[in-house]
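1. pasting a predicted model and its sequence here:
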Amino acid sequence: MSDIEMTQQRDIQRERLFFIEFLAIFSGQVSRKDLVTRFGISEPAATKDLALYGDLAPGMLEYDLRKKAYLLGGSEEDALFKHDVNQALFALVGERAIALGHDRARRLEGWVSGSIKRALPLGLVSTITRCIYLKRKMTATYLSLNSGKKTRFLSPLALVHDGLRWHVRCFDEQNADFRDFNLTRFYSAKSDSLSDASLAHDEAWNTEVTLELSPHPKAEFPDTISLDYAIEGKVKTVQLKACLVGYFLREWNIDFSDEAKGNPRAQHLYLANKMQLLGQGVPEWALKSDLDGEHQ
């Protein structure tokens, strides 16, 4: 085997080791089957990779005979690899590949402006994602514009990205209802007891509605807006879960006033079917223009 082939082989194995650690940190467990399915390797090869990771990062994995899987035993601070939280979130919802580094993707020269949002701590995010995966409640410190800093007892159920920011769909154990929580506003989170909350009982999550978006009626050059947003004909339709409509409208700065009262130079799009949505299960707060967009 040439030096280049040996280097490639080591890189491939590093990818598998990264995958092992990624699943352990963000889902709480990893098994031989995960490696076999993801990389198409044999079970003995998967066993060797898990043993090698155990040697390189002692204490990070603990084998559970009952589950026939390795559970996270250590802390994110002891991780062998560096994990990009934002990329990890997209990978968890299936939008990006789980990869060791950005160089694994075929990228063109360019520039993407950085976010001014708070950089999310790995330990915080992975605690929440493990609670989702392992169906556990969590005790969290959360800050909101409505009530400030409070301790919340939640069952996190799903991750949502509205195009600009991440939310966590949770069952609020104290208020006995389903709510959305802005991920950047979690200050801390700690795993708690098992949860029996389920999205199957979340009516607003399971109700899908169609938004009809048009160029703002007062726009001077509506054709420009139509090109920007690929609007063919009079409206562009967007499918959303009913519980997410309010966030979507505000994050994309869409005018949803009754008579298109917004500034067309600032609000390029207009919601054309507001009254229809109110009758389809969209929460009333979502379509009230006096809110700042943060229900929590």
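-> It's in. Just so it is clear, the structure is predicted and the values come from calculations on it, not from any experiment.
2. low-scoring stretches of the stretch 51-200 of the chain, by residue?
-> 95-114 (pLDDT under 70).
3. which stretches of the stretch 1-150 of the chain form strands?
-> Along the stretch 1-150 of the chain, counting by DSSP state E, counting those that start in this stretch, strands occupy 29-30, 61-64, 69-72, 136-144, 148-161.
4. for this structure, which helix is longest?
-> Assignment by DSSP state H gives helix 3-27 as the longest helix of the chain.
5. if you count contacts, what does that one end up packed against?
-> strand 29-30, helix 32-39, helix 43-56, strand 69-72, helix 85-92, helix 122-134 (3 or more Cβ pairs under 8 Å, 6 or more residues apart in numbering; DSSP states H and E). All C-beta spots, glycine's among them, are computed from the backbone N, C-alpha and C.
6. which parts of the longest one are buried?
-> Pointing back at helix 43-56 there. 45, 46, 49, 50, 53, 54 (16 or more other Cβ atoms under 10 Å).
7. again, but for the last one
-> For helix 122-134, the buried set under the neighbour-count rule, 16+ other Cβ under 10 Å, comprises 122, 123, 124, 125, 126, 127, 128, 129, 130, 131, 132.
8. what does it contact?
-> Here helix 122-134 makes contact (Cβ atoms under 8 Å, 6 or more residues apart in numbering) with 25-29, 72, 75-77, 79, 83, 85, 88-89, 92, 136-138, 140, 155-159, 168, 183, 186, 188-191, 195.
9. if any of these are buried, put those into a PyMOL selection.
-> To isolate in PyMOL the members of the contacts of helix 122-134 that are buried, counting by 16+ other Cβ under 10 Å, one can use:
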select buried, resi 25+26+27+28+29+72+76+79+83+85+88+89+92+136+137+138+140+155+156+157+159+168+183+186+189+195
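10. state the distance from residue 47 to residue 69.
-> 13 Å (Cβ to Cβ, to the nearest Å).
11. please apply the same query to residue 62.
-> 10 Å.
12. just residue 168 next, same as before
-> From residue 168 to residue 69 the distance is 24 Å (Cβ to Cβ).
13. quick one on the thing from earlier: make JSON lines out of the strands of the stretch 1-150 of the chain and add distance to residue 241.
-> What follows is the strands of the stretch 1-150 of the chain, written out as JSON lines (distance: least, Cβ to Cβ, whole Å):
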{"stretch": "strand 29-30", "distance to residue 241": "28"}
{"stretch": "strand 61-64", "distance to residue 241": "34"}
{"stretch": "strand 69-72", "distance to residue 241": "30"}
{"stretch": "strand 136-144", "distance to residue 241": "21"}
{"stretch": "strand 148-161", "distance to residue 241": "8"}
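14. hmm, back to that, neighbour count for residue 62 and residue 69, which is higher?
-> residue 69 (20 against 14; other Cβ atoms under 10 Å).
15. quick check, that one in contact with residue 31.
-> Yes: at 4.0 Å, residue 69 counts as touching residue 31 under the criterion of Cβ atoms under 8 Å.
16. tell me what the nearest residue to residue 273 once chain neighbours are set aside is bridged to.
-> Take residue 273 and drop its neighbours on the chain: the residue closest to it by Cβ to Cβ, 6 or more residues apart in numbering is residue 212, 4.3 Å away. Per DSSP bridges, the residues bridged to residue 212 are residue 237.
17. was I right to think residue 212 contacts residue 235?
-> Yes: Residue 212 is within contact range of residue 235, at 4.3 Å (criterion: Cβ under 8 Å).
18. who has more neighbours out of those two?
-> residue 235 (19 against 16).
19. now do the same contact list for that one.
-> Contacts of residue 235 (Cβ under 8 Å, 6+ apart): 212, 213, 214, 272.
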